[in-house]
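S.K.: What follows is a predicted structure for the sequence shown.
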Amino acid sequence: MDLRWPGGAIFIVGTLYLILGACPVATGNTQCYNFTWPGVNKSIECKDKKNDMYDNSQPCIYPLIYTVPFTSPPNISALEAHCQAHDCPVFKCSTKDGSCIQWKWYDINEQLINYSSFCGNLVDQTKVESPVPKTSGCWRQMMGTYMREVCVCDTNYCNQGARHSVALLLLLLLPVAAQTAVTTLMIL
């Protein structure tokens with residue numbers, strides 16, 4: 001008995017899958033995370049964060065996600081698990097013609113101090129007469145002793161993660177390097 005599907009049948013099923021909207025490609029919608037991690041140990045309102053330390057407007061997206069310790073950005077997997085078990089405000093958005101954006105602030109030591117993830121459009125207006133839409137990449141700008149980083153991407157939930165600093169990665173790799181050195185010395 002031949003259980004293989006003929007190529008034409010697979011094409012028809014695949015086409016129906018797209019037409020019926022069973023997959024995100026059919027709807028053209030990109031799913032993104034939509035919240036702000038304020039990185040503070042007190043309750044705030046978005047109206048308190050509408051401008052940055054240089055009085056430039058910045059995004060603040062409800063819900064505000066607080067963490068313990070407050071200096072650690074949210075673990076998205078833990079947040080997802082918590083919200084499956086408890087009633088949480090919606091912290092995701094969907095965009096048909098936009099992208100996922102993450103707007104981050106780092107201190108002088110390149111430690112992440114807060115960020116917002118949201119749906120939107122990013123446009124490079126370096127040349128005002130011919131703005132260029134951006135759908136992928138990251139851009140950094142020093143603002144006094146702080147660094148602003150804006151990243152844009154166009155795949156589902158691509159705006160989830162907080163970048164780990166090089167120092168943190170070195171701290172994680174240091175014990176491995178030390179253990180390797182000790183093992184090498186014992187062999188000699």
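M.R.: Sure thing, it's come through. Keep in mind that this is a model prediction, so the values were computed, not measured.
S.K.: remind me which residues of this protein are low pLDDT?
M.R.: 1-27, 161-188 (pLDDT under 70).
S.K.: The protein: strands as residue ranges?
M.R.: 30-33, 35-37, 92-95, 99-106, 112-120, 122-124, 132-134, 137-143, 146-153 (DSSP state E).
S.K.: roughly how far apart are the residue nearest to the spatial centre of the chain and Asn114?
M.R.: By C-alpha atoms, centre = their mean, the mean C-alpha position of the chain lies nearest to Asn159, the distance being 2.2 Å. For Asn159, the distance to Asn114 equals 15 Å [C-beta to C-beta, to the nearest Å]. All C-beta atoms are positioned from the backbone trio N, CA, C, and that covers glycine.
S.K.: Then Trp139?
M.R.: With C-beta to C-beta as the criterion, Trp139 and Asn114 are 17 Å apart.
S.K.: Give me the more crowded residue out of these two.
M.R.: Neighbour tally, Trp139 and Asn114, criterion other C-beta atoms under 10 Å: the higher count belongs to Asn114, 18 against 12.
S.K.: Is the more buried one in contact with Trp103, as I believe?
M.R.: No - with contact defined as C-beta atoms under 8 Å, Asn114 does not reach Trp103; the gap is 9.1 Å.
S.K.: Could you give the number of residues near Cys83?
M.R.: 14.
S.K.: Nearest residue to it in space, please, no chain neighbours.
M.R.: Leaving aside its sequence neighbours, Cys83 sits nearest to Phe91 (C-beta to C-beta, 6 or more residues apart in numbering; 7.4 Å).
S.K.: One more: Pro133?
M.R.: Counting by C-beta to C-beta, 6+ apart, Pro133 lies nearest to Val123, which is 5.4 Å off, once chain neighbours are set aside.
S.K.: that older thread, would you list the strands of the chain in TSV and tack on distance to Gln58?
M.R.: Below are the strands of the chain laid out as TSV (distance: least, C-beta to C-beta, whole Å):
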stretch	distance to Gln58
strand 30-33	17
strand 35-37	10
strand 92-95	18
strand 99-106	7
strand 112-120	8
strand 122-124	14
strand 132-134	18
strand 137-143	10
strand 146-153	8
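S.K.: Ok, which of those strands comes nearest Asp55?
M.R.: Asp55 sits nearest to strand 137-143 of all the strands of the chain, at 11.0 Å, using C-beta to C-beta.
S.K.: okay, that closest one in PDB with CA atoms only?
M.R.: Extracted C-alpha coordinates of strand 137-143, given in PDB (Å, rounded to 0.1, in the frame of the first residue of the first chain):
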ATOM      1  CA  GLY A 137      18.600  46.000  12.600                       C
ATOM      2  CA  CYS A 138      19.700  47.900  15.700                       C
ATOM      3  CA  TRP A 139      21.000  51.500  16.100                       C
ATOM      4  CA  ARG A 140      22.800  53.000  19.100                       C
ATOM      5  CA  GLN A 141      23.200  56.600  20.100                       C
ATOM      6  CA  MET A 142      25.200  57.900  23.100                       C
ATOM      7  CA  MET A 143      23.100  60.400  25.100                       C
END
